[in-house]
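Chemist: Please work out how this folds:
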Amino acid sequence: MSFVPADSTECASRSVQGIHPMHPSVKTWLKIMRRLFSALCIILFCFQINTKPAIALNDGQQLVLESWKLVNEGYLNPEKFGKVQWKGLRQKALEKPISNSEEAYLAIEGMLLPLGDPYTRLLRPSDYKAMKESNLGSEINGVGLQLGARDKDGEIVVIAPLEGSPAADAGITSGTALLKVNGEPPKSLGLEATAARLRGEIGSQVIVEIKPPNEESREITLERRVVDLRPVRTKRLRNESHTIGYLRITQFSEGVPEQVREALEELSEKEVEGLILDLRNNSGGLVSSGLAIADAFLSNKPIVETRNREGINDAIPAGIDTLYDGPMVTLVNGGTASASEILAGALQDNERSQLIGSKTFGKGLIQSLSTLTDGSGLAITVASYLTPQGKDIQNQGIQPDRLLDLPEPLNPGSSTDRWLQDAELLMGATIDRKQLKEITVEESLIKTSEIENSSIP
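Modeler: Next up, the predicted model:
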């Protein structure tokens with residue numbers, strides 16, 4: 001007796017019952033489907049064998065990914081991403097052995113470097129803390145140099161020395177190139193790492209090799225100390241003819257708008273006839289603070305236009321009310337940069353104030369500051385700005401209405417400050433013209449009134 005499987009028996013019985021065979025086209029279609037299904041199974045099986053299992057990212061790798069996402073979503077020039085293979089840079093950074101924070105920081109810096117933007121940068125926790133303290137207007141420990149990157153060659157240069165700092169006492173001027181800091185070249189260190197090496201414990205020293213404009217390079221030793229930022233300084237200037245207010249702003253930190261308001265109220269109480277605004281060696285700071293100061297001097301006028309990554313120009317106007325609407329003149333120099341250039345450009349383009357001094361630095365980019373999960377920070381260039389008349393400041397600077405004689409005074413606001421003396425003379429002449437114009441208008445009105453009265457029968 002032969003053994004017949006159950007399924008065979010079932011098939012046989014269906015055949016006996018007279019079930020008709022399927023149409024040839026249907027059979028062909030089923031064969032094709034079976035073959036496709038078999039091929040798909042083979043492909044999936046091979047993919048499963050060759051695909052590596054997903055590995056969870058550690059804290060350092062998460063920091064790299066977090067930084068990449070922030071730049072990817074906010075950076076001003078996304079067209080650069082294709083040129084530097086931005087996604088590939090992320091993958092390359094994540095493939096590096098990252099077991100601690102320092103290795104993560106190095107990976108992030110290596111990822112950002114091809115963008116070629118010194119202002120889009122990582123700030124280690126200590127550097128981030130120092131920057132936030134500076135924006136709050138408190139004291140800092142260091143040599144007091146505000147730094148920028150020169151576009152044409154990437155050199156790290158001095159935007160301005162902080163007033164009363166070791167750098168200012170040593171006579172370091174705007175535009176001076178830093179060639180070495182304790183034997184290391186700042187150009188290869190980058191902007192933030194150079195600034196970090198200049199900071200340190202009070203009483204410690206740092207050796208810097210510098211090259212001032214049109215001079216030979218030299219090496220000097222600076223001793224770090226506490227630098228009192230004091231961003232707003234004011235005084236009254238009096239001579240035989242006029243009483244003039246002097247307002248110096250050295251940076252735009254968080255409390256500056258309120259300090260400026262108090263200073264202007266104090267000067268108004270002293271019945272000043274004009275105002276000298278001194279923005280020399282003001283390297284910027286918080287753009288919001290710079291806009292608030294512009295709003296204090298301009299009434300319903302455009303302050304600045306910002307251009308974002310979509311290329312949209314957003315005009316930012318001043319409000320109607322002002323804190324001071326009298327005559328003024330503004331001092332600028334090569335250390336006037338960023339937010340202070342926004343203010344200077346707004347005053348000049350709206351014919352609110354003459355600019356005198358020397359050409360400004362030329363930083364027309366705006367950075368956002370993000371706090372990363374480990375307490376470090378990431379500065380990202382997110383916008384550029386134009387003056388109300390459409391002037392592009394980046395790498396161009398603002399040309400003052402009147403150039404003042406060189407060499408530039410190294411002690412802004414002091415009794416021997418020649419540029420301040422020139423500003424006083426100009427302000428005095430402006431006040432005289434204003435008073436003469438008012439007298440002329442008044443006399444004209446009187447004569448008009450006399451003529452009208454005499455014509456009455």
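Chemist: Okay, now stretch 356-370: how far is its last residue from its first?
Modeler: This stretch, stretch 356-370, spans 36 Å end to end (CA to CA, to the nearest Å).
Chemist: Give the full set of residues in contact with the nearest residue to residue 277 once chain neighbours are set aside.
Modeler: In space, and not counting its chain neighbours, residue 277 is closest to residue 330: 4.5 Å by CB to CB, 6 or more residues apart in numbering. No exception for glycine: its C-beta is placed from N, CA and C like everyone else's. Counting by CB atoms under 8 Å, 6 or more residues apart in numbering, residue 330 touches 276, 277, 278, 279, 344, 347, 348, 353, 354, 355, 356.
Chemist: quick check: mean pLDDT across stretch 314-325?
Modeler: For stretch 314-325, mean pLDDT is 93.
Chemist: Which residues does that stretch contact?
Modeler: By CB under 8 Å, 6+ apart, stretch 314-325 touches 260-261, 264-265, 267-268, 275, 291, 294-306, 308, 346, 388.
Chemist: Likewise for stretch 87-97?
Modeler: Contacts of stretch 87-97 (CB under 8 Å, 6+ apart): 57, 61, 64, 65, 68, 81, 103, 107, 108, 110, 111, 114.
Chemist: Looking at those residues, spot the one nearest residue 251.
Modeler: residue 108 (27.2 Å; CB to CB).
Chemist: Show me where the stretch 201-350 of the chain has its strands.
Modeler: 205-211, 218-223, 225-227, 232-238, 243-249, 274-278, 302-307, 313-317, 328-332 (DSSP state E, counting those that start in this stretch).
Chemist: okay if I get those as TSV plus distance to residue 380?
Modeler: What follows is the strands of the stretch 201-350 of the chain, written out as TSV (distance: least, CB to CB, whole Å):
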stretch	distance to residue 380
strand 205-211	29
strand 218-223	31
strand 225-227	27
strand 232-238	29
strand 243-249	26
strand 274-278	31
strand 302-307	15
strand 313-317	18
strand 328-332	27
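Chemist: Point out the most buried one among these.
Modeler: Of those, the one with the most neighbours on average (mean count of other CB atoms under 10 Å) is strand 328-332, at a mean of 27.
Chemist: just how off-centre is it within its chain?
Modeler: The chain centre lies 23 Å from the centre of strand 328-332; the measure is CA atoms, centre = their mean, to the nearest Å.
Chemist: That one to strand 274-278, inter-axis angle?
Modeler: On the basis of axes from the mean of the first three to the mean of the last three CA atoms, to 10 degrees, strand 328-332 is oriented at 10 degrees to strand 274-278.
Chemist: Could you list the low-confidence segments of the stretch 51-200 of the chain?
Modeler: 51-55, 137-138, 151 (pLDDT under 70).
Chemist: scratch that, the stretch 301-450 of the chain is what I was asking about
Modeler: The model of the stretch 301-450 of the chain has pLDDT under 70 over residues 438-450.
Chemist: Show me where it has its helices.
Modeler: 339-349, 418-454 (DSSP state H, counting those that start in this stretch).
Chemist: Check which helices and strands whichever strand in the chain runs longest sits against.
Modeler: Looking across the chain with DSSP state E, the single longest strand is strand 377-386. Where contact means 3 or more CB pairs under 8 Å, 6 or more residues apart in numbering; DSSP states H and E, strand 377-386 is packed against helix 59-74, strand 121-123, helix 125-135, strand 302-307, strand 365-371.
Chemist: What pLDDT does the model give the closest residue to residue 318 other than its chain neighbours?
Modeler: Excluding the flanking residues, the one nearest residue 318 by CB to CB, 6+ apart is residue 298, at 3.9 Å. We have a pLDDT of 97 for residue 298.
Chemist: What is the burial count for residue 298?
Modeler: Neighbours of residue 298 under the rule other CB atoms under 10 Å: 23.
Chemist: show me what contacts it?
Modeler: Contacts of residue 298 (CB under 8 Å, 6+ apart): 318, 322, 346, 347, 350, 352.
Chemist: From residue 320, how far out is it?
Modeler: 10 Å (CB to CB, to the nearest Å).
Chemist: same deal with residue 112?
Modeler: In terms of CB to CB, residue 112 sits 43 Å off from residue 320.
Chemist: Residue 265 now?
Modeler: Counting by CB to CB, the gap from residue 265 to residue 320 is 19 Å.
Chemist: do the same with residue 120
Modeler: For residue 120 relative to residue 320 (CB to CB), the value is 37 Å.
Chemist: And those two? Which one has more around it.
Modeler: residue 120 (24 against 9).
Chemist: Isn't that one up against residue 379?
Modeler: Yes: the pair residue 120 / residue 379 is scored as a contact, 6.4 Å apart, by CB atoms under 8 Å.
Chemist: any shared contact partners between these two?
Modeler: Residues touching both residue 120 and residue 379 (CB under 8 Å, 6+ apart): residue 367.
Chemist: quick check: domain ranges of this protein?
Modeler: Domains of the chain are assigned by automatic domain parsing as 140-228, 232-367+380-434.
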